[in-house]
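>>> Got a sequence here, can you build the structure:
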Amino acid sequence: MDTKKIKTSCLINNYNYAAFLSEAIASALQQTVKFDEIIIVDDASTDNSAEVIAKFAQQTDIKYILKDKNQGQLSSFNEAFLNASGDIIFFLDADDAYEPEYLETALNFYDRRSECDFVFCAYKKFGAVEGIFQDYQIDVDLGYSVIRTLCNGEWIGSITSTLSMRRNILRKVLPIPNTEDWRVRADDCLVWGASLVGAKKFYLSQPLVRYRIHQNNQFHNSKFVNTDKDYEYKRFWKRNSLFNYILQKNNLELPLLLAFTSLNELKTIPCPNTQDFISYLKIIFLFEKNLYWKIKGILLLFNYLVKVLLSGKLQLR
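This next block holds a predicted model:
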């Protein structure tokens, strides 16, 4: 593959991770296929992160933005994207790192799958906890997920550092103005947003990212969630606000023939699993307002389930 035909951007977000930042930047620089640009956004760190960034910038062609005010992870995503020019955008948290072949493998995947808009991959945990985390044992075409995300709020993706997507998808999502809602876990905006604007998602089963587990890791550390009993309630309302913004930005709304559209969306998954059928059954039953289409949609769904089962393509998961 001629990787030079596809321009790539690596967006690194950092806040007070000077102890880990060098490793993250080095992992982006030492790829077997080089990124066309690496953009680092420092969210007004109070440690020596700025010195670490300046040291790398003296030796390599790295763009960087040192913010004057700490505004959180989503704000950093916004800044980085507005300064990026890549056709495919890759994200990296400053406490994580890429395996050397990550970019090359991902680009080959995008090249083979021209319909692919969004990829997330397996990852290796290291630090306080070690192990490999895989959603699936093989590469998987996850199809489209507009309806199931809009109706069920399903989160089809993974941690920030495993995510990449085409620019034409990301520009429909970023920038997002309500940055205060997403000071942390802004990868929710990327994962949910990409689904809502019609990204065709794929899963890459190779563990090509190293995800550091440490005491300040808010995604992994269960204490972060448990200290706030209202966390999930607040997240629900932040999600609703996010959905409303993205829908209005892109002039999107629920289709009139929801049952019919739901079934067509399900069929974009080449090898659906049992949970996929349950999700769309729930959508048709709860959200289809027309009684005729509710009943017909459920019957068509079960008919398709039998067809997939007989073909041997149903994944029991």
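
>>> Identify the single longest helix in the chain, thanks.
helix 291-311 (DSSP state H).

>>> Now it: buried residues?
When neighbours are counted by 16 or more other C-beta atoms under 10 Å, the buried residues of helix 291-311 are found to be Trp293, Lys294, Lys296, Gly297, Ile298, Leu300, Leu301, Tyr304, Leu305, Val308. For glycine as for every other residue, the C-beta is placed from the backbone atoms N, C-alpha and C.

>>> again, but for stretch 20-27
Buried residues in stretch 20-27 (16+ other C-beta under 10 Å): Phe20, Leu21, Glu23, Ala24, Ile25, Ser27.

>>> check which helix or strand covers the second one.
In other words, Leu21. According to DSSP states H and E, Leu21 maps onto helix 18-29.

>>> Just checking the distance from the helix or strand following that helix to the centre of its chain.
Going down the chain from helix 18-29, the next helix or strand is strand 37-42, by DSSP H and E. Relative to its chain's centre, strand 37-42 lies at 18 Å (C-alpha atoms, centre = their mean, to the nearest Å).

>>> Which elements pack onto strand 37-42?
Strand 37-42 sits against strand 8-14, helix 18-29, helix 49-59, strand 63-66, helix 73-82, with contacts defined as 3 or more C-beta pairs under 8 Å, 6 or more residues apart in numbering; DSSP states H and E.

>>> Can you tell me the strand partners of the first one and which way each runs?
When pairing is defined by DSSP bridges, strand 8-14 lines up against strand 37-42 (parallel), strand 88-93 (parallel).

>>> What of the shortest one?
Neighbouring strands of strand 63-66 in its sheet, by DSSP bridges, are strand 37-42 (parallel).

>>> Only C-alpha atoms, please: export the strand it pairs with in CSV.
Taking Å, rounded to 0.1, in the frame of the first residue of the first chain, the C-alpha atoms of strand 37-42 are listed here in CSV:
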residue,chain,number,x,y,z
GLU,A,37,1.8,15.4,11.7
ILE,A,38,1.8,15.1,15.4
ILE,A,39,-0.1,17.7,17.4
ILE,A,40,0.2,18.0,21.2
VAL,A,41,-2.2,20.0,23.3
ASP,A,42,-1.2,20.7,26.8
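
>>> Quick one: the strands in the stretch 151-300 of the chain, in order.
In the stretch 151-300 of the chain, the strands defined using DSSP state E, counting those that start in this stretch lie at 163-166, 201-213.

>>> excluding its backbone neighbours, what's nearest the residue most central in space within the chain?
Nearest to the mean C-alpha position of the chain, by C-alpha atoms, centre = their mean, lies Val191 at 3.7 Å. What sits nearest to Val191 in space, not counting adjacent residues and going by C-beta to C-beta, 6 or more residues apart in numbering, is Gly157, at 3.3 Å.

>>> Need the winner for burial among the strands of the stretch 151-300 of the chain.
Mean neighbours per residue, mean count of other C-beta atoms under 10 Å, is largest over the strands of the stretch 151-300 of the chain for strand 163-166, with a mean of 24.

>>> Direction included, what does it pair up with?
Going by DSSP bridges, the partners of strand 163-166 are strand 88-93 (antiparallel), strand 118-127 (antiparallel).

>>> possible to save the ones you listed as CSV with mean neighbour count and distance to Phe260?
Formatted as CSV, the strands paired with strand 163-166 follow (neighbours: other C-beta atoms under 10 Å; distance: least, C-beta to C-beta, whole Å):
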stretch, mean neighbour count, distance to Phe260
strand 88-93, 25, 33
strand 118-127, 21, 25
